[in-house]
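Visitor: sequence isn't available, so here's the structure alone:
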């Protein structure tokens, strides 16, 4: 059953793109824990809450609700595309990768092929959530991905990610898919975005 969303248009090198909603609606510091780390009272959008449960609690049961929300939006969007391309995970230590899991289920929901292996991360990079300068993010991402052009050339692709912060990662991937990968068109769908774009 889809949850209520407030889609936001995303501008960048992709042909068209949207974030389905903000991740958090507010976050207020309420104190510090025993280790001196800030503790926040955080409220999330309905989709942000589902994504939080998936990523931070490993709750796989939320995938159908996330996918029906994303799938119904994509149908209304009216795109014609050949394959879904998930952004490779930055945290490879997770047993179940949220973006991969959602992309697999979304490909089944929309009856569109999944191009899971056509994009790969080629080097370890710093967690971009800790890097706030866009130019530094771009430098970190230089040559961080490789594309299998035999699977993307001439294709129309839907690139999917979980959280849009600055657009540096999806921008670098879109350019790679369009140039080296020879993709005809690249559309971007992110499940959520930060309230403030960094």
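Guide: Now that the structure is in, tell me what you want to look at. What you see is a predicted model, and the numbers here were worked out from it, not measured in a lab.
Visitor: now for residue 83, how many residues are close by?
Guide: Counted with other Cβ atoms under 10 Å, the neighbours of residue 83 add up to 19. C-beta coordinates here come from the backbone N, C-alpha and C atoms, glycine included.
Visitor: below-threshold pLDDT in the protein: ranges please.
Guide: Within the chain, the segments meeting pLDDT under 70 span 91-94, 124-141, 197-198.
Visitor: residues in contact with residue 176?
Guide: For residue 176, the contacting residues are 119, 145-147, taking Cβ atoms under 8 Å, 6 or more residues apart in numbering as the criterion.
Visitor: OK, contacts around residue 115?
Guide: With contacts taken as Cβ under 8 Å, 6+ apart, residue 115 has the following neighbours: 83-85, 151-152, 155, 157.
Visitor: in helices, which of those appear?
Guide: Within the contacts of residue 115, residues falling in helices by DSSP state H are 151-152.
Visitor: by neighbour count, which of the contacts of residue 115 wins?
Guide: For these, neighbours were counted using other Cβ under 10 Å, and residue 85 has the most, 29 neighbours in all.
Visitor: can you verify my assumption that it contacts residue 159?
Guide: Yes. Between residue 85 and residue 159 a contact is recorded at 5.0 Å, counting by Cβ atoms under 8 Å.
Visitor: where do the contact lists of those two overlap?
Guide: Residues touching both residue 85 and residue 159 (Cβ under 8 Å, 6+ apart): residue 177.
Visitor: contact partners for the residue nearest the centre of the chain?
Guide: The C-alpha lying nearest the average C-alpha coordinate of the chain belongs to residue 161 (Cα atoms, centre = their mean; 1.2 Å). With contacts defined as Cβ under 8 Å, 6+ apart, residue 161 is in contact with 86-87, 99, 169-170, 188-191.
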